[in-house]
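1. let me see the structure of the following:
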Amino acid sequence: MLLLAFYLPTSSALAVSIAVFVVYSCLFAAMVYMSRRQASSVLDTPVGYFTLVSSSLYLIVYVVSLAEISSGVSIGGSSISNELTQHPLLGFLSLIYAPFAEEIGFRIIPLGILTLVLVLRAASGRGGSARDVVLSFVSPGTVRRKYGIRFGTADYAMIVFTAAVWAYAHIFFGAWSWGKFLPVFIAGIAIAVGFLKFGIYVDIPMHWFFNGFFTVYVLNSSLLAASSIAWSSYS
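-> Reported below is the predicted structural model:
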């Protein structure tokens, strides 16, 4: 269930780009809309959590990755870097589409099932609704607040488990080396918490944030290298 494969139908890159843009726009609109409620902390709002946690987490992951590289630990990812530099548009599209498939398989389904079980138990005798079932997978934070469900042992265990499986999948499918496990594991924990606290309008954009910045980093690095070579030749 965690390793479900999703395939896009044959279509043009332009059509995929437009579709992805529209969906992400809707997710960000939902994030802003759901942040209207009053909260005791900025981290208790979807926009606040996304903004503060994503930026802080990116710095942490960057520092951890640098430390690993400095220690001689291989992170890998050369195949993805090559794809981005040789086919920038297609590589970028694959990376910004990945959050949909990966979040569904690694977080939305398993953590949604956990939320649904907790909701059904909490609603025992009060009668749950079909809306609660849908919200368990789309906006678990909403239905958890409705029934007063707080983070417990099962939540923390599933957060760690899904983060670990997601991190291992990066190595299992051959795109990365073992040095990638720790950075992805750390990111997976924060993204899972974001999903459980709020919903798909936080975890999918957070995943997109990391993939998007990785794309910019790879492309910028290759452009800088190319410009350095060109400048040296010109000089």
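2. name the SS class of the most centrally placed residue in the chain, please.
-> Nearest residue to the geometric centre of the chain (CA atoms, centre = their mean): His207, 2.3 Å. Secondary structure of His207, reduced to three states by DSSP: H, G, I helix; E, B strand; the rest coil: helix.
3. pretty sure it contacts Ile104?
-> No - His207 sits out of contact with Ile104 when judged by CB atoms under 8 Å, with a separation of 10.9 Å. The C-beta positions use only the backbone N, C-alpha and C, and glycine is treated the same way.
4. what about this structure, any weak spots by pLDDT?
-> Low-confidence segments of the chain, defined by pLDDT under 70, span residues 1-11, 38, 125-128, 215-235.
5. what about the helices in it?
-> For the chain, the helices identified by DSSP state H occupy 13-34, 46-70, 78-86, 88-103, 109-122, 130-138, 140-146, 153-172, 181-197, 200-234, in order along the chain.
6. out of those helices, nearest to Ser40?
-> In terms of CB to CB, the element of the helices of the chain nearest to Ser40 is helix 46-70, at 11.2 Å.
7. any residues touching the closest one, and which ones?
-> Applying CB atoms under 8 Å, 6 or more residues apart in numbering, the contact partners of helix 46-70 are 30-32, 34-35, 39, 41-43, 75, 179, 182-183, 186-187, 190, 194, 197-199, 201-202, 205-206, 209-210, 213.
8. what's the angle between that helix and helix 13-34?
-> On the basis of axes from the mean of the first three to the mean of the last three CA atoms, to 10 degrees, helix 46-70 is oriented at 120 degrees to helix 13-34.
9. starting at the chain centroid, how far to helix 46-70?
-> Distance of helix 46-70 from the chain centroid (CA atoms, centre = their mean, to the nearest Å) equals 12 Å.
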